[in-house]
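K.L.:
Could you work out the structure for the sequence below:
(4 chains)
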There are 4 protein chains.
Amino acid sequence: MARYVDLNSDLGESFGAYTLGLDRDVLRHISSANIACGCHAGDPMVMAKTVGLAQELGVSIGAHPGFPDLVGFGRRKMALSPVEVKNYIIYQVGALAAFAAAANTKLQHVKPHGALYNMAAVDPKFAIAIAEGIAEVNTELIFVGLAGSEMIKAGQQAGLRVASEVFADRGYNSDGTLIARGQPGAMIHDPEEAAVRVVKMVAKGTIMSAGGQEIAICADTVCLHGDSPGAVEMAQTIRKRLEEAGIKISPLGGEIS
Amino acid sequence: MARYVDLNSDLGESFGAYTLGLDRDVLRHISSANIACGCHAGDPMVMAKTVGLAQELGVSIGAHPGFPDLVGFGRRKMALSPVEVKNYIIYQVGALAAFAAAANTKLQHVKPHGALYNMAAVDPKFAIAIAEGIAEVNTELIFVGLAGSEMIKAGQQAGLRVASEVFADRGYNSDGTLIARGQPGAMIHDPEEAAVRVVKMVAKGTIMSAGGQEIAICADTVCLHGDSPGAVEMAQTIRKRLEEAGIKISPLGGEIS
Amino acid sequence: MARYVDLNSDLGESFGAYTLGLDRDVLRHISSANIACGCHAGDPMVMAKTVGLAQELGVSIGAHPGFPDLVGFGRRKMALSPVEVKNYIIYQVGALAAFAAAANTKLQHVKPHGALYNMAAVDPKFAIAIAEGIAEVNTELIFVGLAGSEMIKAGQQAGLRVASEVFADRGYNSDGTLIARGQPGAMIHDPEEAAVRVVKMVAKGTIMSAGGQEIAICADTVCLHGDSPGAVEMAQTIRKRLEEAGIKISPLGGEIS
Amino acid sequence: MARYVDLNSDLGESFGAYTLGLDRDVLRHISSANIACGCHAGDPMVMAKTVGLAQELGVSIGAHPGFPDLVGFGRRKMALSPVEVKNYIIYQVGALAAFAAAANTKLQHVKPHGALYNMAAVDPKFAIAIAEGIAEVNTELIFVGLAGSEMIKAGQQAGLRVASEVFADRGYNSDGTLIARGQPGAMIHDPEEAAVRVVKMVAKGTIMSAGGQEIAICADTVCLHGDSPGAVEMAQTIRKRLEEAGIKISPLGGEIS
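P.N.:
Residues are numbered from 1 along each chain as shown, chains lettered A, B, ... in the order given. As a prediction, this is how the structure comes out:
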């Protein structure tokens, strides 16, 4: 039984005059922050501020690179070539690493965002491109990707430490993939239900699929959200239930095998 | 008499489908490359390619950060706050540093671009913001700025190594500032005349002003251009004349006092 | 005594995933909407939606062009040339006019945004460039500018109808200019006080300056805000007090002399 | 036998400091210019200049809207929704129409660019979205699309005049689609061979496919290029051979059935 788990959230998604996300609130409940790097969201001012906030609250810092599609928030598939993907990873990881250095800290991990994450989960070419980009910048960085996906394989093959991500608020198919948004069972709305599922994923390494099967899942880190008061409440509940179950919330650094 | 000088040029200014500059040609004549970082010019693909090309030809690599104004090529004054300037420096230096790391090399220097360079030459707040941004990312980086300008002062005060830049193709006022473009005497077009002036700046530490005064100038590095065949020819001529005068062309790393 | 006044507000300033402004709320209190055009804010989806919303609520539509500086929200001075300013006006007015055409309506006016507005208020070259841009697209468009500013003069010289804008929530200097933000007396926070001032500006054509002088001011249109619940409440109060004073709220179209 | 044909070329693809295409040269050989609208290429300065140049040389003006992907030059597939596509069409057509109005002329046509063109050729949802966007702005505009593609059908269904486009320098499959770039026979490099093919397409309405079949094709307009001296030479040759064959080069306006 796992005694540790990381809780992560996507932060620093504001841009210029535009504010998005309750960053300060959700930071109180998580151990790792995925910070946008100025392509799909974020800008240098937001990055500096978010790195400072994470550091102030003792949360580990990671890069959250996405497609160069600000107006689409990185959520639209784009037909980049693998070498374009690799270079966009290098660019964004480097930019955020500089803000970490400016704050006398270091990046812990890299987690792709949005459509880039979804495409890399199933496309080995994208997954390998991301892994290579990370490894070329810094082989110490942990590659966070969807549990059981191409990203985990690509990270391992590239010699990177990897962290398998699970989602507290999403339903799973029997093959371990996420139920597509818009389909029945895709979203878990009740904080207590989500917390029970997360505790089970972490403690037992299994999750009940929509089809009623108990399937194996590796849960190194759990994705939480901070984009609404309800999301923050869910994050708080999940953290509390994990701690009550004797599971320590801990950033990825020391605990990944 | 100086026995060494650095020759630098602004490179990697292509963007997407747009090609700008004869990078490969001018790289054969210089010792330091200032590479655009994706704000006023350049993109991740161009940055990767340009770092690779500089490395292949044994040219030291530096960041050339500019204003976030692609359509204006960073040449238009923008009223950024000093903290915005600092964070745009951190962002761009970090992004390029990652491409250097990916190529198993390191950044040597940072030279601001265009309107940012011009504004920082005379505005201590901008100059200090740039120096702080550089120092926060990496205190080993050399700050390249206009000889005698606020940038040199700010770099020194921030504890950075600095390199004073002179221009081979520009006329100087008697106070050591550049003659504004469009004014008589602003541009030196003849390669041989430019070369004579450069050799004198490096060897004697003086330059003849437009008013006919011989003024003192510190020439750690000479800015050359690669945006036209004529510019590349001028670069070649200047290098040749410097070498004939017994002056070694050498990157900034070891030679700056 | 004026029997009519226009109430305007800056709308459509959301962008992609980012929402800004209580557009639907403030639209209930105004007669003219200044809609962002995709440079400093807004995007094609937001423009289509905002035009539709204004039309649904019977509010006249105008373009609100700004500098091409999304991350700075068009609030930072940029050193564009006059011809650049003119062409950015043409571009943005044309883009919004197409959404108006798609909704079977027409643009009523053009009001510059942010730093472009502020620069054009005092710089005849910018003011003339804007007026020319508007006139080249459509001479029927009304140029909305700061009362007493260079924009009003430039619009008149270009043969355009002009509308003089006053601000409900701002203090005025004795020369009719706005007290700079951050200075004492710059902002009027109390809705009732703002309403009293607006009624006087419209009914009597005067405003009490910070120095205690009653100065003449032309108030064809009053700028209200919708960026917070408090701003919407102020808009509502001002409209109510104007109507109680027997002043009709009416878009610019028919009433400008 | 057709007595008329339009020759079109993609122009105004420069951006800021970046120059692309020999616009002035190719304009001498064509009758319709497809002008980039600031999303995948072009900017307000370039648009103004290109409209002026086309007008000076008596070439009809059309909009060439593309994906909002400047760094990818609009050549990368992007998963926009149909309503996003429609609104990006409205935005870009409107922006260019304003430059036409400023030059006292009008838009003749709209031809989608790059990946948007390719996706709309085969995807009815995209094709319909484009047709609706055009029709909502101005039902007089001619929709230029790949001969035999979904774009032609969608334009007709939307009640628009359509123009079927053929390519002088591309090989065709037996089903009338273009041979994919990179495949054998995809490109025709010889100007005379291209000219012979074009004359046949226009005069006889047929083209020899790569498989050796003579297939029917509707050639209202022929796409030529101006991105290299060789391309301009091919344009010149094709025009000459068409005229020698008694076919008049004429913009789309009056001749489309």
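K.L.:
C-alpha only now, for contacts and for neighbours.
P.N.:
OK.
K.L.:
Break down the stretch 51-200 of chain A into its strands, ranges please.
P.N.:
For the stretch 51-200 of chain A, strands defined by DSSP state E, counting those that start in this stretch occupy the ranges A:60-64, A:107-110, A:142-146, A:161-167.
K.L.:
The shortest one and chain B, any residue contact?
P.N.:
No - remark: strand A:107-110 sits outside contact range of chain B, by CA under 8 Å from any CA of the partner chain, the gap being at least 12.4 Å.
K.L.:
and A:Leu224, backbone torsions?
P.N.:
Backbone torsions for A:Leu224, taken as degrees, to the nearest 10, come to phi -120, psi 170.
K.L.:
For the nearest residue to it once chain neighbours are set aside, report the pLDDT, please.
P.N.:
The shortest distance from A:Leu224 to any residue that is not its chain neighbour, by CA to CA, 6 or more residues apart in numbering or on different chains, is 5.1 Å, and that residue is A:Ser9. Here the pLDDT value assigned to A:Ser9 is 98.
K.L.:
The host helix or strand of A:Ser9 pairs with which strands?
P.N.:
Using DSSP states H and E, A:Ser9 falls within strand A:4-11. Strand A:4-11 has the following sheet partners, assigned by DSSP bridges: strand A:32-36 (parallel), strand A:221-224 (parallel), strand A:248-249 (parallel).
K.L.:
Can I take it that A:Ile215 is in a strand?
P.N.:
Yes - according to DSSP: H, G, I helix; E, B strand; the rest coil, the state of A:Ile215 is that of a strand.
K.L.:
shouldn't it be in contact with A:Lys200?
P.N.:
No - in this structure A:Ile215 lies outside contact range of A:Lys200 using CA atoms under 8 Å: 11.2 Å.
K.L.:
Nearest to chain D: which residue in chain A?
P.N.:
Per CA to the nearest CA, A:Met78 is where chain A lies closest to chain D, at 4.5 Å.
K.L.:
picking that back up, the residue nearest to A:Leu224 pairs with what?
P.N.:
Note on A:Ser9: beta-bridge partners by DSSP bridges are A:Ala33, A:Leu224.
K.L.:
how near is it to A:Thr237?
P.N.:
15 Å (CA to CA, to the nearest Å).
K.L.:
One more: A:Thr50?
P.N.:
Taking CA to CA as the measure, A:Thr50 and A:Thr237 are separated by 23 Å.
K.L.:
who has more neighbours, those two?
P.N.:
Using other CA atoms under 10 Å in any protein chain shown, the more surrounded residue of A:Thr50 and A:Thr237 is A:Thr50, with 26 against 19.
K.L.:
what stretches of the stretch 1-150 of chain A score poorly on pLDDT?
P.N.:
In the predicted model of the stretch 1-150 of chain A, residues A:1-2 satisfy pLDDT under 70.
K.L.:
Up against chain C, what does it have?
P.N.:
Near chain C, the residues belonging to the stretch 1-150 of chain A are A:15-20, A:43, A:70-73 when assessed by CA under 8 Å from any CA.
K.L.:
Including distance to chain B and neighbour count, could those go into JSON lines?
P.N.:
Supplementary listing: these in JSON lines, determined by distance: CA to the nearest CA, whole Å; neighbours: other CA atoms under 10 Å in any protein chain shown:
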{"residue": "A:Phe15", "distance to chain B": "13", "neighbour count": "25"}
{"residue": "A:Gly16", "distance to chain B": "11", "neighbour count": "16"}
{"residue": "A:Ala17", "distance to chain B": "13", "neighbour count": "17"}
{"residue": "A:Tyr18", "distance to chain B": "16", "neighbour count": "18"}
{"residue": "A:Thr19", "distance to chain B": "17", "neighbour count": "16"}
{"residue": "A:Leu20", "distance to chain B": "20", "neighbour count": "19"}
{"residue": "A:Asp43", "distance to chain B": "9", "neighbour count": "22"}
{"residue": "A:Leu70", "distance to chain B": "14", "neighbour count": "19"}
{"residue": "A:Val71", "distance to chain B": "17", "neighbour count": "20"}
{"residue": "A:Gly72", "distance to chain B": "19", "neighbour count": "19"}
{"residue": "A:Phe73", "distance to chain B": "19", "neighbour count": "22"}
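K.L.:
What parts of chain A come near chain B?
P.N.:
Within chain A, the residues that sit near chain B (CA under 8 Å from any CA) are A:44-45, A:48, A:84, A:87-88, A:90-99, A:101-103, A:133, A:136-138.
K.L.:
Report the buried members of those.
P.N.:
For the residues of chain A next to chain B, a neighbour count by 16 or more other CA atoms under 10 Å in any protein chain shown gives the buried set as A:44-45, A:48, A:84, A:87-88, A:90-99, A:101-102, A:133, A:136-138.
K.L.:
now, which of those residues lie within helices?
P.N.:
Among those, the residues falling in helices (DSSP state H) are A:44-45, A:48, A:84, A:87-88, A:90-99, A:101-102, A:133, A:136-137.
K.L.:
my guess is A:Leu27 contacts A:Gln55, does it?
P.N.:
No - using CA under 8 Å, A:Leu27 makes no contact with A:Gln55, being 9.9 Å away.
K.L.:
quick one on the thing from earlier: and A:Ile215 and A:Lys200? which has more neighbours close in?
P.N.:
Applying other CA under 10 Å to A:Ile215 and A:Lys200 shows that A:Lys200 carries more neighbours, namely 19 against 16.
K.L.:
how about the nearest residue to the more buried one, chain neighbours excluded?
P.N.:
Using CA to CA, 6+ apart and skipping residues adjacent in sequence, the residue nearest A:Lys200 is A:Thr206, 6.3 Å away.
K.L.:
I'd like to know how many residues surround that neighbour.
P.N.:
By other CA under 10 Å, the burial measure for A:Thr206, its neighbour count, is 19.
K.L.:
residues contacting it?
P.N.:
Under the criterion of CA atoms under 8 Å, 6 or more residues apart in numbering or on different chains, the contact partners of A:Thr206 comprise A:200, A:214-218.
K.L.:
Tell me the confidence at it?
P.N.:
The pLDDT attached to A:Thr206 in the predicted structure is 96.
K.L.:
Next: A:Ile256.
P.N.:
According to the predicted model, the pLDDT of A:Ile256 comes to 41.
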